[in-house]
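> here are the coordinates; sequence isn't available:
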C-alpha cells in the first residue's frame, strides 16, 4: 500500500533528476524552496522539448518556449496562451516570495490557471503560459 503511494512521487523525482535543473529557488524566508512548491528544469530530449524551460509551481506547469516547439498552448478555459518577454503584470498580481537569483514569481488570481509571471530585479516581466504537456 505504501509503495503505491511512493511510486508516483519517486517517478517524478527520477524524471526531474534526469533533466537540467535551474535552482536553487528560495522561499519567502530565504530558505531553499521545497521541490513540491517550485522546481525549474529544461525539457526532455525524448520529447523534443530540450529547448523549453519549465517551471512547476504549486502543482501547475508553465513554460518558456522561445522556439515554439510546444505549438499552440490552450488555456483550461479554451483561450490561446503565449509566452511574453515584455509583459505587464495584471491588476491584483502579488509577489509570491519565491526567488531565483534576480527574479521572483508573481501570480494574479485573475489568470493563475493560465499564466505565471517572473519579475526581474530590473522590473522586466516575463509571462509564462500554462503548459501541461505529456511526455511518454
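Good, I have the coordinates. Being a predicted model, the structure only gives us computed values, none of them experimental. Numbering: from 1, shown residues only.
> the protein: helices as residue ranges?
With DSSP state H applied, the chain shows helices at 2-17, listed in chain order.
> now the strands for it?
Counting by DSSP state E, the chain has strands at residues 38-42, 53-57, 60-64, 73-74, 80-81, 94-100, 103-107, 115-120, 125-129.
> so which of the ones you listed gets nearest residue 88?
Set against residue 88 and scored by CB to CB, these come closest in strand 125-129, at 6.3 Å. C-betas here are computed from N, CA, C, even on glycine.
> and the angle for the closest one with strand 53-57?
Between strand 125-129 and strand 53-57, the angle formed by their directions is 80 degrees, by axes from the mean of the first three to the mean of the last three CA atoms, to 10 degrees.
> by contact count, what packs against strand 125-129?
Using 3 or more CB pairs under 8 Å, 6 or more residues apart in numbering; DSSP states H and E as the contact test, the elements touching strand 125-129 are strand 60-64, strand 115-120.
> mean confidence (pLDDT) on the last one, please.
Averaging the model's pLDDT scores along strand 115-120 yields 98.
> look at residue 102 and report its pLDDT.
95.
> could you shift the numbering so residue one becomes 783, and keep it that way?
Let's use 783 as the start, then, which means that last one is residue 884.
> listing request: residues of this structure with sub-threshold pLDDT.
Applying pLDDT under 70 to the chain flags the ranges 783-803, 805, 918.
> any idea which residue is closest to the centre of it?
Averaging the C-alpha coordinates of the chain gives a centre point, and the residue nearest to it by CA atoms, centre = their mean is residue 837 (1.9 Å).
> is it true that it touches residue 821?
Yes - checked against CB atoms under 8 Å, the pair residue 837 and residue 821 is within contact range at 7.3 Å.
> ok, now which ones touch residue 915?
When contacts are counted by CB atoms under 8 Å, 6 or more residues apart in numbering, residue 915 is found next to 829, 831, 843, 845, 852.
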